[in-house]
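S.K.: Sequence plus the predicted model coming up.
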Amino acid sequence: MATKWKNIKYNKFSKSIAFILAVLLLTSSLTIFVYLVKNTKNITWEAAFENNYLESKSLEYELRNITRNLKQVSKQYKSEAYIKNGGTLDKDIDNYYNYSWKLQNLYRDFKNDFYRNSSKQYNAVPEKVLISQFEKEYAEEIKLYKDAHIDHELNSYYSLVKKVNQTNGLYYYMSSTDSEYTNVSDKSTKFFKSQPVHILFDKNGYTTSYVASPEFRYEEEDLSYYPQDILYVGLNDVFLNPKIKQWNADRKILVPTLMRIGLLMMGFIICLIYLLYTCGRRSDDEKIHLLSTDRIYIDVNIIATTAIMSICIAVACKLFDDVRYFYLIPLLAISSLVSINLLLSILKHIKNKTIITHNLSSKILLKLYSFVKGLFSSAPIALRMLPTPNKANDFKNIIEGVEHIKNGELDYMIKTSNTGIYGKLADDINGITDGLKAAVNNELKSERLKTELISNVSHDIRTPLTSIITYIDLLKKEGFHSENAEKYLDVLDQKSLRLKTLTDDLFEASKASSGNIPVHLENIDIISLLTQGMGELDDKIISSELDFKFNYPKEKVFVKADGKLLWRVIENLMSNIFKYALKKSRVYIDVIDSEHSTSIIIKNISAYELNIDEHELMERFKRGDESRNSEGSGLGLSIAKSLIELQNGKFHIEIDGDLFKSIVIIPK
C-alpha cells in the first residue's frame, strides 16, 4: 500500500495535473482581483471586513476631518478680522518670520552683516533690538511678505468655512475664548445627542455616540478646559444614508468576490504545497532530478521571470477593459506559469544543495577569484618578496625570532605587520614552535608519569614483600612453636593476599587496556543490576558508616552492555568509595536516562585532600592518597575506564574541592 501511494504521489501525470491546476487557480484569482480593482475605483475595501458603517474606521476618518477643520477655523483662524490684523503671524522671537522662508533668509543676512560690520560678539545684542532695527530698514519688504501670507491664510480660511458649510447633514457648534461658529439655532447638547452620530466636548468632558479609537481621542487634546472650549458635532440621516447605502453596495460586491478569490487561492496553495514536496523526486530513487528549464542559472532565471511578469502585467493593465479578457487572461496565465516554475526550480536546487553554485554570478566571481589567485600564486617568490619598509621589518623580525627559538625560547612568538608571504612564513614558524613546545611538554609529562609509575609499582609490591620476608625471618629464628608464630602466620597470610590482589589488579588492568577481554553485549536493565549489586554489598555499606542516596527512574532502563564487566566497573567504584570516602558522609548514586544513552553518576566526599589533576588520577597506580598508606592499588579507575570503553561507553571523573564525581555513560 505504501509503495502504491508513493508511486501515485511521485507520478509525472499527478504532478502535471497539479501544476496545471496551480496555474489555472492563480490565474483565475489574479483575473478576478484585477477586474475588481479596475472596475471599482471608488470602492471602500473596509466594507468587506466591517458589517456596519456606523462602527467603521471610514466614519471615524470623516469625523476626524470635520472636527479638525472646525478646530482649525475656530482655534487657528478665529475670524476674518483676526487674520487681517496679523493674528496668525507667529509672535515667538525664535520663529518670528517663519511664515516666509525668504524673509527668514533676509533677516539672517541682515544679522550676519550687522555683527560682521561691528566689533560686538555674536548674539551680544538682544534679538528684539535687532528685529526692531531690521523692520525699520526693510519695512516695505516685510509688508509685502506679511500681506502675501495674510492673503494665503484668508484663502485657506474661506476654503475651510465653505467646505464645512457645504457638508450636507452636518450640524456643528464650536466656541472658544474669542470666537464662535455654528450652523444651528439650537446649541444644546440635547439637540446634538438626538442626531444618529455625534461628538461632544465641553466642561463635562468628551463623549461620543460610538466607541472611538485612542488615536481619535488624541486629536482632541488641543482642546482646553481652561478657558473652556466647546465642540459639538452631529451627523443626521442626510449625511449618513448615502454613506450607508454605498457601504452596503460595496459589501455586496466585495464579500462574495473576496470569498471566491480566497477559495481559489486555497486550492492554489494546496496544489503548490504538493508540488513543492514532490518536485524533483521520483518513486524509484531518492535523487533530485532536474528538468531542462532547471539547467538555466538561477539568477538568470530570476531576471528573465521578473522581466516576463513585468511585461505581462504592464500590458494587461494597459489593455484591460470590460471586453478584453482575451488580453488579460493569457498574460496573467503566462505570469503565473513562469513564477510557479521559478519557485519550483529554486526549491529543486535547494534540495539538490546547488542553490549557491548554480548561479552565473557565483561562477563569474569564482572564476575571477581563481584567476586573481592563480595570477598571484604564479608570480615568482622573488617578486612577492620584493623589499618594502614593512617587508624588510618583517624579515628582520623573522630572523630574530628564529634565533630566539633556536636558543630554546619556545614561548617566543614572531610578529609581523602584514599577512603576505612573510606573514604566512611567521605563522608557520610559530605553528612549528607551538607543536615543538607541546611535544616537549608531552614528553616531559610522559617521563614523569613513567617514573612515578615505576616508583608506585615498586612501592606497592615492595611493602607487602618486605613484610613477608621480615616475618619469615622471624619464624626461622623463633620457630613454629613460638607463641608469636600464629600472629606471624596471620600477617604473612594478609600480606601474601595483598600481593596477590596487586598482581591480579595489574594483570586485569593490562588485559583491559589491551582489549584482551571477551565482551558479550546484551540488553541489561541497569536499575535491576544496581539494585541487586547493592544488595550484595549491603554488609559493606552498613560497616562503612556511609549514607547512600539513590535516585533511579521508576521504569526500567535498558542499555547495551556486558553485565559482568559493567558490574565490575560499579564494584571498582564502590570499592574506591569504601576505601577513600569520608566517614559518616553521604554518597549519591543517580541514574539519568536520555534518548541515546544512560548515565550513572556517583558522588562522594573524599577523606583525603584531592590536590591532583583529574587526568593524572586516571593513570595507573595513581592515588588521591599521596602517602600511599591506604589499601588501594591505584588501578581501579584505570580498569573502570578501560572496561567501559570496551563496551562502547565513556568514563570520566570530576573533582571539585573534596567532592569526587564518577560519570559512566553507556549507549543504548
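M.R.: Done, it's in. This structure is a prediction, so every number in the text was calculated from the model and none was measured.

S.K.: okay, which residue is most central for the protein?
M.R.: Note on the chain: the residue nearest the mean C-alpha position is residue 350, at 21.9 Å, using CA atoms, centre = their mean.

S.K.: In terms of pLDDT, where does it sit?
M.R.: What the model reports as pLDDT for residue 350 is 87.

S.K.: What helices and strands are in contact with the helix or strand hosting it?
M.R.: When secondary structure is defined by DSSP states H and E, residue 350 falls within helix 325-351. Judged by 3 or more CB pairs under 8 Å, 6 or more residues apart in numbering; DSSP states H and E, helix 325-351 is in contact with helix 12-39, helix 237-278, helix 298-319. Placement of C-beta: from N, CA and C, glycine included.

S.K.: Report the separation between residue 119 and residue 394.
M.R.: 60 Å (CB to CB, to the nearest Å).

S.K.: Neighbour count: those two, which is higher?
M.R.: residue 394 (22 against 6; other CB atoms under 10 Å).

S.K.: So the more buried one is in contact with residue 417, correct?
M.R.: Yes - the pair residue 394 / residue 417 is scored as a contact, 6.0 Å apart, by CB atoms under 8 Å.

S.K.: Compute the mean per-residue pLDDT across the host helix or strand of residue 442, please.
M.R.: Element membership of residue 442, judged by DSSP H and E, is helix 421-478. Helix 421-478 comes out with an average pLDDT of 70.

S.K.: Same question for the helix holding residue 350: list its buried residues.
M.R.: For helix 325-351, a neighbour-count test (16 or more other CB atoms under 10 Å) marks 328-329, 331-349 as buried.

S.K.: The residue nearest to the centre of the chain and residue 133, how far apart?
M.R.: As for residue 350, its distance to residue 133 is 75 Å (criterion: CB to CB).

S.K.: ok, the residue lying closest to residue 585 once chain neighbours are set aside - contacts?
M.R.: Nearest non-adjacent residue to residue 585, counting by CB to CB, 6 or more residues apart in numbering: residue 605, 4.3 Å away. Going by CB atoms under 8 Å, 6 or more residues apart in numbering, residue 605 touches 581, 582, 585, 586, 658, 659, 660.

S.K.: So which of those residues wins on neighbours?
M.R.: Scoring the contacts of residue 605 on neighbours with other CB under 10 Å, the highest-scoring entry is residue 660 at 24 neighbours.

S.K.: where does it fall, helix, sheet strand or coil?
M.R.: Following DSSP: H, G, I helix; E, B strand; the rest coil, residue 660 is assigned to strand.

S.K.: Also residue 595?
M.R.: The three-state assignment at residue 595 reads coil, by three-state DSSP.

S.K.: try residue 125
M.R.: coil.

S.K.: how close does it get to residue 134?
M.R.: 11 Å.

S.K.: With residue 597 instead?
M.R.: 88 Å.

S.K.: The two: which has the busier surroundings?
M.R.: More crowded of residue 597 and residue 134, by other CB under 10 Å: residue 134, with 20 against 16.

S.K.: nearest spatial neighbour of that one, skipping sequence neighbours?
M.R.: Closest residue to residue 134 apart from its sequence neighbours, by CB to CB, 6+ apart: residue 110 at 5.2 Å.

S.K.: again, but for residue 313
M.R.: residue 335 (6.3 Å).

S.K.: and residue 555, that's in a strand?
M.R.: No - counting by three-state DSSP, residue 555 is not found in a strand; it is coil.

S.K.: okay, it: pLDDT?
M.R.: At residue 555, pLDDT is 86.

S.K.: for residue 2, same thing?
M.R.: 48.

S.K.: give the contact list for the residue nearest to residue 313.
M.R.: Here residue 335 is in contact with 30, 308, 309, 312, 313 (CB under 8 Å, 6+ apart).

S.K.: tell me the two of those that are most distant?
M.R.: Largest separation among the contacts of residue 335 by CB to CB: 30 and 308, giving 14.6 Å.

S.K.: what about those two, which has more around it?
M.R.: Set side by side, residue 30 and residue 308 show more neighbours around residue 30, with 22 against 17, by other CB under 10 Å.

S.K.: Not counting sequence-adjacent ones, nearest residue to the more buried one?
M.R.: residue 332 (4.7 Å).

S.K.: hang on, isn't that neighbour packed against residue 308?
M.R.: No - the criterion here is CB under 8 Å, and residue 332 misses it with residue 308 at 11.8 Å.

S.K.: what element comes up after the helix or strand bottoming out on mean pLDDT in the chain heading to the C-terminus?
M.R.: Across the helices and strands of the chain, mean confidence by mean pLDDT, DSSP states H and E is lowest for helix 214-219: a mean of 48. Counting by DSSP H and E, the next helix or strand C-terminal to helix 214-219 is strand 230-235.

S.K.: How much space separates the residue of the chain positioned farthest from its centre from residue 471?
M.R.: Farthest-out residue of the chain from its mean C-alpha position, per CA atoms, centre = their mean: residue 481, at 86.3 Å. As judged by CB to CB, residue 481 and residue 471 stand 16 Å apart.
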